[in-house]
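Student: quick one, fold the following:
(chains A, B and C)
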Amino acid sequence: MSAVPSPVAPPRRGSPPLLEADRLSKRFGNFLALDDVSLRVEPGRVHALLGENGAGKSTLVKCIMGYLTPDAGRIRLGDREVLPKSPRHAQSLGIGMVYQHFTLVPNMTVRENLVLSRPRLPFVVDWATERAALASFLARMPFQVDLEAPVRSLSAGEKQKIEILKQLYLESRVVILDEPTSVLTPAEADHVLSMLHQMARAGEISVVLITHKFREVTQFADEVTVLRRGRKVGHGGVGDLTPSAMADMMMGGASKSSSLPPSARSSEHEAPADERDRGTDEGAIGHARVLIDDLHAEDDLGVPALRGVTLEVRSGEIVGVAAIAGNGQEELVEVLAGQRMKTAGTVTVSGAEYEPKRAIMRALNVRCLPEEPLRNACVPTMSVADNMALRVFDEPRYTAMGWLLSRKKIAQTATTLVGEYGIRAPSIHTPIGRLSGGNVQRAVLARELEGKVDVLIAANPCMGLDFAAVAEIHARIRAARDRGAAVLLVSADLDEILALATRILVMSEGRIVYEAPLEGAEPAVIGKYMAGHGAHVAPDERHASS
Amino acid sequence: MTSTRPAAGDGAGRFSASVEAAAVPLLGLAVSFALFGVFVAVAGANVGDVYYQMVRGSFGSWFSFQNTLVRAAPLMLTALCTALPAQVGLVVIGGEGALVLGALASVIAAHALGGANPWVVLFAMAGAGCVVGGAWIAAVGALRTLRGANETISSLLLNYIAIGVFKHVVEGPLRDPASLNKPSTRPIGEANALGAIPGLDVHWGLVYGLIGCLAAYVLMRRSAFGFAAKVIGGNARAAQLGGLAVSKIVIVTCALGGAAAGLAGMAEVAAVHGTANASIIVGYGYTGILVAFLARQHPLAIVPVAVLIGGVGASGGLLQRAEHLPDATVNVLQGILFVVILAIETLRGRLATFLPRARVTSESAPNPAAKAACSKAA
Amino acid sequence: MLEGRMSDTAAGLGIWALPLALIGGALRVSGPYLFVSLGECLTEKSGRINLGQEGTLILGAMTAYGVSYLSGSPWLGVLAAGCAGLVLGALHAWLCSLPRVNDVAVGIALMLFGVGIAFFLGKPLIQPPAPRLSPIELGAWSSIAPVRAALEIHGLLLLGVVAAFVMRFVFRRTRWGLVLRVAGEDADAARALGYDVDRVRLVATAIGGFFAGVGGSFLSLVYPGSWSEGLSSGQGLMAVALVIFARWDPVKCLWTSLLFGGAGALGPALQSIGILGGYNLYATAPYVLTFVIMIATSSARRTFADQPAELTVAR
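Tutor: Numbers count the residues shown, from 1 in each chain, chains lettered A, B, ... in the order given. As a prediction, the model looks like this:
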């Protein structure tokens, strides 16, 4: 069978083949990432693969896609045994994958991206024929896209749709999706998933849906397999399993079904305990520490990204800003951190005008915990000690005669902080780029929280970290708040915001569009505002006031 | 590497790392000279004789060694014009332009001061050379940091523009009517010449070079300013997060580099030519780029490398006379050296595998190559 | 060269003398810009920058002159120049594919290396005259010498014009072009599609070097049409800036090359109508133009949408 779609051939009919992974195991060094796991994807069904980070979901699909060779076990497709050697090979067998990150080339059009993905291209591409073939292909699809649009101009949701279209265009019969909705608004996610569901119903494809959102499983999947620590811990029809039963499987029985939030993200695991410790009690919250008024900024391509952000953070509170990626929250943090120029607006800290300059940051005790610390907050080639001195190296206590560095004092401080924060590094002279993500984040946290902190700006502080690191970093942020810091927390993870924030603001298209009430913030309502619904109310008022 | 101290138990790894740090460039030198030997052999020369003449012409006698030092002096300064901006992550190749305009400015300063005390004149010449050279390269840094214009291309364009301006002025407004064959400005006068270091036949420009490199070392590796520059060179976003005045530090660093090259131009005028004419334009600026890269942008390493490359240049004349090789032989060797020394970087961290007790090496010393890899990854 | 002939008749042509001299000059001077910028455009589209094109240009000029002199066939010289460039380009690509090797530094090194080799091997070629490429006389109908001179078109330039359009076609309409662009836009995506990014870049950089080498033959066999050590003065590197201005589009490279050629012809053209003062300043016109254009088209805050995304250095 050939997976080469000839532009004029009629669509292939017949149900997709049965995909079966039989007792796969995969070991990395001493770590058993996949332990005797089987997965059976029935033709024309949506099969959810559920599990925490590190449960073995991606190892399993990487074995199926040919990225990894399993140490033991077999993979069957239809009635024959296969061993995909590469993603390309898997694709030629009719197994395709939609990744969490986009594989589309931004500077090329949708049409070029689709045609390019074909395994065998003619030397001269006859665009007239290709256009006609794509048009007739699109006519059979449940949604339409602009073929001539450059991919860079598309929203995350549109890109995700094109990734899926690409799989259908390549005539993949089994489509594996790795957390496809993490970049989508709830409405977009529903649209994409229900479309896949319908296509599976129609017998066009089988779907493997990797997720950790129960809602998606119960609404769109037919079957579910649950993994935990590399083992298969549960399987069944979606109708037969309640979310709490699935959560129990995922968490190994540690979770109480009654307190389980609508989704089961890692940070949430600790959520019940946090409820007492939200700092919502009015007495702890002080005066307005940070005032942001009508802030404007542009993104890298010169398109307005912040269009009049106005907000306030008081000392002793954590204000969470929830937003779908690409709605200006990255730019907001960059402006406050000094990594982007504002085009208009003012920021006031403790009554004084704030500019992201060293002297002002120091005088006003403003600190920042940006996302991807190795890219945003560290010099990977410089040592742990030097990176920890980034805020203070020019202070009198670290310099002689006001300019000569005291390496000894820098090393002393670093040694103290490394011990205090439990940073695991071969030595304080090791380049920080060689440390694990959790230890890099701890080192940055240690640096940013040293001394008096009046304002802390944190962006996705726990992205990609494990349970233990997440709990610790959350605790440190809370502790800073308890010491009176005003914390502005920007996170793509609504659950993290629900767990930490005192107040929740929703940002959409570069504006604050909603403020959730102090008590009883409704994730569904917040999600609606994140998606941009109701955005017409708030921004006008804000503009009128400025 | 000087910026970190060995921690307890890290000594062995650090030792073999420093062995490697020295071994890699030395291997590069050996490979380069071997390749150069093959090249001259193919060109029909006797390889042994060529090597012999090169050693003789550069380090073989007190006379030739002094000649080498005279050539090394401007190279130390022009190398700083590349090495200083490299600390903040910029690849500037505008040393030639800064040197040429520094020379021109120093001549103008000398003329303006007429018959003043020679010390005052020399001081003013040095000041003028530094200011003009510094401003020239500061513009490159400013355009890069404020405007995003590629500094490598803009600094090269400025070389050509500087040479055009230089020739225009020397052949036009400031031309000494007495200079017939070779258009020159009026001489600065014997009294104002920069003399020789006592006991040597080498002018004071060498001391300028040594002091320049030492000062650059202290500033870049020991001071808070240098620390800030290193942060900017390593990751500008982290520097912004720390509130560092990125643009200011970049521009100042570039200005210092340009001032060094401008000073080289002043020394060439005051000590060698006594006037400004096209003889100044002999490519010290371009050779300085090579010196900076061979020294891996380390201010102190520039000193020996400049002497080595100065020696290669000094032997050029002898190669022409004794071996009948073209004067471009030196350029070929420089080209080979440059290419090989960059290519050999790929061995860093891997060479350790061949050395005893090498396992830990890759875990210890940071080096610019790793920095390149990291910034590439970022 | 043409200037001597022209200054006699210049007076009779009145205000037309300067534009005519400029057009003629632009057509001659733009040749090297065109070929180098096409080569650099190809290289950069694959996601790599080659600053060594200056060295390639000079090596190409020397090779073309030498081969033309030895074989008596200028076209063989052109081919040899291209091949010399091909070797240098492949060397650049190979060096850059090694881990920890920086492409900007390698470019500077190869610039010095190419120039060194060319000066070394070219020493004996400074005196003897080699057969040059002969022009197509489009102005033969005119009796006015400057008109005829302005309309002398060289076959090599026409080849360059054709190459610009062919290259645009290849980028847009062929498999090679698409693969090349993916390698330049997103190396990971290209690898995911099963392409060997290093190989794509090797081929692109080598062919890019071929173009730059041919550009060199234009210098030594067309205009100025001789070999000397002062033959090229930065055209190779200006072409790199030119590609940025042309937004990585081969056909725009053509128009921009003509503009740069015009700027380069300004000095000789003014000289030809008798304006001799400030020659050194007029000679800097192409550099000043490049410089101004570079500043005008840069932005510290923005990135260009049409810049190959793997090309971080062009900022």
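Student: so who does C:Asp249 touch?
Tutor: The neighbours of C:Asp249, taking CB atoms under 8 Å, 6 or more residues apart in numbering or on different chains as the test, are C:Cys41, C:Arg168, C:Asp306. Where you see a C-beta, it was placed from the backbone N, CA and C, and this is true even at glycine.
Student: could you give the number of residues near the second one?
Tutor: Okay, so that is C:Arg168. Close neighbours of C:Arg168, defined as other CB atoms under 10 Å in any protein chain shown, add up to 18.
Student: secondary structure element for it?
Tutor: Per DSSP states H and E: C:Arg168 is located in helix C:155-173.
Student: give me the contact list for that helix.
Tutor: A:124-125, A:127, C:27, C:30-31, C:34-35, C:38, C:41-42, C:45, C:78, C:133, C:135-136, C:176-177, C:180-181, C:211, C:214, C:217-218, C:221-222, C:249-251, C:253-254.
Student: sorry, back to before: any idea which of the contacts of C:Asp249 is closest to A:Thr346?
Tutor: Of all the contacts of C:Asp249, C:Asp306 has the smallest distance to A:Thr346: 35.3 Å, by CB to CB.
Student: pretty sure that closest one sits against A:Asn107.
Tutor: Yes. With contact defined as CB atoms under 8 Å, C:Asp306 counts as touching A:Asn107 (6.7 Å).
Student: neighbour-wise, which of those two wins?
Tutor: Ranked by neighbour count (other CB under 10 Å), C:Asp306 and A:Asn107 place A:Asn107 first, with 21 against 11.
Student: quick one: the helices in the stretch 201-315 of chain C, in order.
Tutor: C:235-245, C:250-272, C:279-282, C:285-297 (DSSP state H, counting those that start in this stretch).
Student: name the helices or strands packed onto the longest one?
Tutor: Other elements packing on helix C:250-272 under the criterion 3 or more CB pairs under 8 Å, 6 or more residues apart in numbering or on different chains; DSSP states H and E are helix C:2-13, helix C:17-45, helix C:155-173, helix C:235-245, helix C:279-282, helix C:285-297.
Student: would you enumerate the residues in contact with A:Val366?
Tutor: Counting by CB under 8 Å, 6+ apart, A:Val366 touches A:Leu336, A:Val349, A:Tyr354, A:Pro356, A:Ile360, A:Asp454, A:Val455, A:Ile457.
Student: include mean neighbour count when you put the helices of the stretch 201-315 of chain C into TSV, please.
Tutor: Below are those laid out as TSV (neighbours: other CB atoms under 10 Å in any protein chain shown):
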stretch	mean neighbour count
helix C:235-245	28
helix C:250-272	23
helix C:279-282	19
helix C:285-297	19
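Student: all helices for the stretch 401-546 of chain A, in order.
Tutor: So, for the stretch 401-546 of chain A - with DSSP H, counting those that start in this stretch - the helices run A:407-421, A:437-449, A:467-482, A:494-500, A:523-530, A:538-545.
Student: oops, could you answer that again for the stretch 1-150 of chain A instead?
Tutor: With DSSP H, counting those that start in this stretch as the criterion, the stretch 1-150 of chain A has helices spanning A:57-65, A:87-92, A:110-116, A:127-139.
Student: of those, which is nearest chain B?
Tutor: Proximity to chain B, assessed across these by CB to the nearest CB, is greatest for helix A:57-65 (21.1 Å).
Student: other SSEs contacting the closest one?
Tutor: Using 3+ CB pairs under 8 Å, 6+ apart, helix A:57-65 sits against strand A:19-28, strand A:31-41, strand A:46-50, strand A:72-77, helix A:87-92, strand A:95-98, strand A:174-178, strand A:206-211.
Student: and B:Asn67, how far is that from B:Lys248?
Tutor: 41 Å (CB to CB, to the nearest Å).
Student: looking at these two, which is more packed in?
Tutor: B:Asn67 (22 against 13).
Student: surely that one touches B:Ser315?
Tutor: No. With contact defined as CB under 8 Å, B:Asn67 does not reach B:Ser315; the gap is 9.2 Å.
Student: list the residues that contact both of the two?
Tutor: B:Ser58.
Student: helices or strands up against the helix or strand containing B:Ala112?
Tutor: Using DSSP H and E, B:Ala112 falls within helix B:95-113. Helix B:95-113 sits against helix B:62-87, helix B:118-142, helix B:151-171, helix B:246-267, helix B:284-294, with contacts defined as 3+ CB pairs under 8 Å, 6+ apart.
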